[in-house]
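# Pasting a predicted model and its sequence here:
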Amino acid sequence: MELTPFKLANKTCLSLSPNFILPEEKRPILSEVFPSTSIPIINLNDHDIDDDGQGSFSLVSKISQACEEYGFFQIINHGVPKELCQRVLAVVTEFFQLPPEERAQFLTTDHTKQVRVLNYFLKVEGQGKVAMWGESFRHPWHPIEDFTHFLPKNPPQYREVFVEYAREIGVLMDRLLSLISQGLGLEKDCLKRKIGERPTLYSQTNYYPPCPDPELTMGLPAHSDIFALTILLQLEGVAGLQVIKDGKWVPVDAVPDAFVVNLGDQIQVLSNGRYKSVVHRAVTNKWLPRVSVAMFYAPNNDTEIGPIEDLIEEGHPAMYRNYSYKEFMEEVDRQVGIRRRVKEAFELQC
């Protein structure tokens, strides 16, 4: 059965035209992905809280090891109801199935807009921009404050579902930041304090339609997250996320009832390089659409980020200079459309 081409919000039909085909050196070589390896799966119900409210040694140790070796891990028994996750994925799918002209109200070239539909691209020498095979929708979220005015009115249940989901993710985000802090040997609230009292919180939903030849395209190009922490919900049974481990691409399976957690550049800098913000990408498949929902936690523009003093010592000097998050984001803007190396711009020459 021939699939009906997906129409982007800008009314472009996804097709294997030159606008979407990557040059050979940029294409994913899917035969070289190693399916026998994947990222750690960590059970958060592993006696994670002892009598004084600290994470158990076993759980903190597992998370610390995953942060050092992978920068990615999956979590199960995380406390967010399965039924709510299913509703989120359903309403996000519905959004991307709205007519393109309805999604088009959120199209903008203004990167400062808090609500927008995105189409990622790569700048290719001699070819201009090559569009990615998918569409994304970004908007703020908050666990307590009202953010419904940022959310679309269609689908009708989108606002209600996302508000409920944001409450649950807020609790989970705090818990993870505490466990990651303890893994660094810091007070459990250290990372949250360093990232700041008024963090930047926004969600990005992603829709990757089936592609006739996944070897020619990408859903998202290789990148590391520029934020502090990401919690990702994936549609079960549809793979696509891949991470770099020891120079090789490793698939991140869509494990039932799990979230993917990945560290962003800000935690790599705050940890003075001990924890890793790892390059990852999204590839496509021939048969099924893939949906994902990323919840980002980042500093605000005025927050100063740099290696935490307790993690700087004689044998491990500061690897990065201090910067404001606004300065970091200005560097991000300078690198739009190319393989980002943003945190590297703030490295100190030891």
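That came through fine.
# Which parts of the stretch 251-350 of the chain are strands?
Assigned by DSSP state E, counting those that start in this stretch, the stretch 251-350 of the chain shows strands spanning 259-263, 280-282, 290-298, 304-305, 323-324.
# Helices of the stretch 151-300 of the chain, residue ranges please.
Under the criterion DSSP state H, counting those that start in this stretch, the stretch 151-300 of the chain carries helices at the ranges 158-183, 190-195, 265-270.
# OK, contacts around Phe121?
Residues counted as contacts of Phe121 (CB atoms under 8 Å, 6 or more residues apart in numbering) are Lys129, Val130, Ala131, Met132, Gly337. Quick note: C-beta positions are derived from backbone N, CA and C, even for glycine.
# So which helix or strand of the chain has the lowest pLDDT on average?
Here the helix or strand of the chain ranked lowest by mean pLDDT, DSSP states H and E is strand 121-124, holding a mean of 86.
# Tell me how far that strand lies from the chain's centre.
Centroid displacement of strand 121-124 relative to its chain, using CA atoms, centre = their mean, to the nearest Å, is 20 Å.
# Then stretch 10-17?
25 Å.
# How about the contacts made by Gln234?
Leu241, Val252, Ala254, Val260, Arg290, Val291, Ser292.
# Out of those, the closest to Leu98 would be?
Val291 (14.0 Å; CB to CB).
# From Gly306, how far out is the residue located most distally from the centre of the chain?
In the chain, the greatest distance from the average C-alpha position (CA atoms, centre = their mean) is reached by Glu314, at 33.7 Å. Using CB to CB, to the nearest Å, Glu314 is found at 18 Å from Gly306.
# How about Phe34?
Applying CB to CB to Phe34 and Gly306 gives a distance of 35 Å.
# Compare these two (neighbour count), which wins?
Gly306 (17 against 13; other CB atoms under 10 Å).
# thought the more buried one was touching Tyr320?
Yes. Counting by CB atoms under 8 Å, Gly306 touches Tyr320, with 6.2 Å between them.
# shared neighbours of these two, anything?
Val269.
# check contacts around Gly185.
Asp310.
# Which residues are in contact with Leu176?
Ile63, Ile75, Leu229, Ile231, Val261.
# Next, give phi and psi for Glu236.
phi -60, psi 140 (degrees, to the nearest 10).
# now Val283
Per degrees, to the nearest 10, the backbone of Val283 is at phi -110, psi 170.
# Type out the PyMOL command that picks the buried ones from the contacts of Phe121.
Those of those that count as buried under 16 or more other CB atoms under 10 Å are selected in PyMOL with:
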select buried, resi 130+131+132
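# Make CSV out of the contacts of Phe121 and add secondary structure.
What follows is these, written out as CSV (DSSP: H, G, I helix; E, B strand; the rest coil):
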residue, secondary structure
Lys129, strand
Val130, strand
Ala131, strand
Met132, coil
Gly337, coil
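# out of the contacts of Phe121, which one sits closest to Val91?
Of the contacts of Phe121, the one sitting nearest to Val91 (CB to CB) turns out to be Met132, at 22.9 Å.
# how about Cys85, what does it touch?
Tyr165, Leu233, Asp257.
# okay, the residues you listed in JSON lines with distance to Pro40 and pLDDT next?
Formatted as JSON lines, these follow (distance: CB to CB, whole Å; pLDDT from 0 to 100):
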{"residue": "Tyr165", "distance to Pro40": "24", "pLDDT": "98"}
{"residue": "Leu233", "distance to Pro40": "18", "pLDDT": "98"}
{"residue": "Asp257", "distance to Pro40": "16", "pLDDT": "95"}
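# so Lys343 touches Arg321, yeah?
No. Taking contacts as CB under 8 Å, Lys343 lies outside contact range of Arg321: 10.9 Å.
# between those two, who's got more neighbours?
Counted by other CB under 10 Å, Lys343 and Arg321 do not tie: Lys343 has more neighbours, with 22 against 12.
# So for the more buried one, what pLDDT did the model give?
On pLDDT, Lys343 comes in at 85.
# Could you check how many residues crowd around the residue nearest to it when sequence neighbours are not counted?
Nearest residue to Lys343, sequence neighbours excluded (CB to CB, 6 or more residues apart in numbering): Asp265, at 4.3 Å. Neighbour count for Asp265, taken as other CB under 10 Å: 23.
# now swap in the one 5 residues further on and tell me
Leu270 is flanked by 27 other residues according to other CB under 10 Å.
# so it makes contact with Glu309?
No. Applying CB under 8 Å as the test, Leu270 and Glu309 come out as separate, 10.7 Å apart.
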